[in-house]
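*Asks:* Quick one, what's the 3D model for this:
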Amino acid sequence: MFKRTHSSAVTVPIFYLFSAVVLISFTKESIYSIYDEEINDALYFTLLSLGISHLIYAVLIRKIYLFSIELYSRFYLNFIFFEMIQLILSVFIFYYYPKETIAISILIHFCFILLYLYERKILK
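*Replies:* Alright, predicted model coming up:
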């Protein structure tokens, strides 16, 4: 028989790892491209801490999946809740700074929510 795989256990950590590398490495460039403002300490440390939290989230998702697939399946609601918080925060930021990078972030978080809901329904 075919082994059921969780595509979210691969795609979501890769996205968040890539996002963390970009936010940590290119914080100054991210501030210019998103906010069109001069660098101040609040924006710099906000994006830096967001990059670090994305890195931690990517490692946690992958470690939970490698530890136990059953445990990973039990965490679907937590993952959906986290993605919904990220989606709401992205919409809030987009309201004040309507940039295409934030709109793409909204789309990606919405797609991750759909992916988690689909896997939760199919892989039960």
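
*Asks:* Every contact and neighbour count from this point should use C-alpha atoms.
*Replies:* Fine.

*Asks:* in the helix or strand of the chain at the bottom of the mean pLDDT ranking, what counts as buried?
*Replies:* Lowest mean confidence among the helices and strands of the chain (mean pLDDT, DSSP states H and E): helix 27-35, at a mean of 72. By neighbour count on 16 or more other CA atoms under 10 Å, the buried set for helix 27-35 is 27-28, 30-31.

*Asks:* Look up how far Leu117 lies from Val10.
*Replies:* According to CA to CA, to the nearest Å, Val10 stands 16 Å off from Leu117.

*Asks:* mind listing the helices for this protein?
*Replies:* Using DSSP state H, the helices found in the chain span residues 8-25, 27-35, 41-67, 69-74, 76-96, 100-122.

*Asks:* Tabulate the buried residues of helix 27-35 (JSON lines), appending distance to Ile88.
*Replies:* Below are the buried residues of helix 27-35 laid out as JSON lines (distance: CA to CA, whole Å):
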{"residue": "Thr27", "distance to Ile88": "22"}
{"residue": "Lys28", "distance to Ile88": "24"}
{"residue": "Ser30", "distance to Ile88": "20"}
{"residue": "Ile31", "distance to Ile88": "20"}
